[in-house]
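> Structure for this input, please:
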Amino acid sequence: MNIRSLTRGDGVVIGAAVLLFIASFLDIYSIDGASDSADIPSLWGSGPVVLGVVLAGVIGAALVVVARALPQPKKVAGLDLGQFGVAFTVFAAWCALGNIFDPAGAFDGDGGFIGDLGAGLGLILALIATLVMAAAAVATPLVPALKGALIPAPRPAAPQPYGGQPQGGYGYPGAQQQPYGGQPGQPGPSFGGQPQPGQPQPGQPQPGQPQSPQPQQAQAQPAGDFSPFWFAVPVPRPLFAEDGSPTPIAELAPGTWYLAVEQRGANLVAQTQDGRRGVLQDTSGIQRG
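Predicted coordinates for the structure are as follows:
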């Protein structure tokens, strides 16, 4: 499971589930004129409320979050786990709404007791939590603001330029380095920077040693002066093969940094952590490192 693939909408679902769980321990009824010491049951005292509101809402939120965190969607009876989760959250909100309108259910109200009975704080908070949960579960795939990553991806450390040398010398700042190819015990340059008599000039081959080849030129960058860069995707995006095959070879997940190695029009050639390369066709909203 990859928790970095969770979206902001999933965070709202998780928060609503926590609120629903807290509300389940509060009063299910509100009785006019009852004293503060009155023993009023919580939501756990009603079987229909526990099954239809509390457990349905918590199970639905868990299915939505787990389905998002799995690398490959799991299906039950031909439906994704996320779709089951959305259905559970909508069902929980519907049951909570019914209990708000009729908190006593089929209770016999002879004697006028029903007139003094209303929905308690637990039922009211449960209705709010299930409505928010269902709305977030349904709207997350549709609202761009809810598609953003819940946990921002950490920026990759700036790599040291290829061939760059560390600052200062070896052992202490400003120390002179042994010339490449030099023999131990040979005199180095004098204090003023002038070479000793008979010492070859810097950059010249020493007698009896083959001349070292000149460094090759750096490989030319692709057309358009493209420079590779790190990027992260806001939502899961498919990565297609470079030969144009319509079958994805991998899926880029939010919260992970990938390396863009080439640009082809509006598409990017990206490289995954395991070395696979493919074409990212949808580059909208990507975050550059």
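> So what's the residue count around residue 232?
Residue 232 has 23 neighbouring residues, counting by other C-beta atoms under 10 Å. All C-beta atoms are positioned from the backbone trio N, CA, C, and that covers glycine.
> what do you get for residue 235?
Counted with other C-beta under 10 Å, residues neighbouring residue 235 total 18.
> And the closest residue to it other than its chain neighbours, how far from residue 5?
Beyond its immediate neighbours in the sequence, the residue positioned closest to residue 235 (C-beta to C-beta, 6 or more residues apart in numbering) is residue 147, lying 4.8 Å away. Here the criterion is C-beta to C-beta, to the nearest Å. By it, residue 147 lies 11 Å from residue 5.
> before we move on, back to that, thinking the residue nearest to residue 235 is in contact with residue 139, fair?
No. Applying C-beta atoms under 8 Å, one finds residue 147 not in contact with residue 139, separated by 10.0 Å.
> So residue 147 and residue 5 - more neighbours on which side?
Between residue 147 and residue 5, counted using other C-beta under 10 Å, residue 5 has the larger neighbour count: 22 against 18.
> Next one: the residue nearest to the more buried one when sequence neighbours are not counted, what pLDDT does it get?
Nearest non-adjacent residue to residue 5, counting by C-beta to C-beta, 6+ apart: residue 253, 4.7 Å away. The predicted structure scores residue 253 at 84 on the pLDDT scale.
> What of residue 110?
The predicted local confidence for residue 110 is 53.
> And for residue 124?
Residue 124 is assigned a pLDDT of 92 by the prediction.
> And it, how far from residue 28?
Applying C-beta to C-beta, the value for residue 124 to residue 28 is 10 Å.
> my guess is residue 239 contacts residue 245, does it?
No. Under the criterion of C-beta under 8 Å, residue 239 lies out of contact with residue 245, with a separation of 11.3 Å.
> These two - which one has more neighbours?
residue 239 (23 against 11).
> Out of residue 124 and residue 28, name the residue with the larger neighbour count.
Neighbours were counted for residue 124 and for residue 28 using other C-beta under 10 Å; residue 28 has more, 23 against 17.
> can you give me phi and psi for the more buried one?
Summarising the backbone geometry of residue 28 under the convention degrees, to the nearest 10, its torsions are phi -90, psi -30.
> Also residue 285?
Backbone geometry at residue 285, expressed as degrees, to the nearest 10, gives phi 80, psi 10.
> Can you pull the poorly scored residue ranges out of this protein?
Residues of the chain meeting the criterion pLDDT under 70: 1-2, 33-37, 73, 105-116, 152-224.
> how about a cut-off of 80?
Scanning the chain for pLDDT under 80 picks out the ranges 1-5, 31-39, 71-79, 102-118, 147-226, 273-275, 289.
> on that earlier part again, touching both of residue 239 and residue 245, which residues are there?
In the contact map built from C-beta atoms under 8 Å, 6 or more residues apart in numbering, no residue is linked to both residue 239 and residue 245.
> circling back: okay, and the common contacts of residue 147 and residue 139?
Overlap between the neighbourhoods of residue 147 and residue 139 consists of residue 9, taking contacts as C-beta under 8 Å, 6+ apart.
> Pull up the gap between the residue nearest to residue 235 and residue 135, please.
Residue 147 sits at a distance of 15 Å from residue 135 (criterion: C-beta to C-beta).
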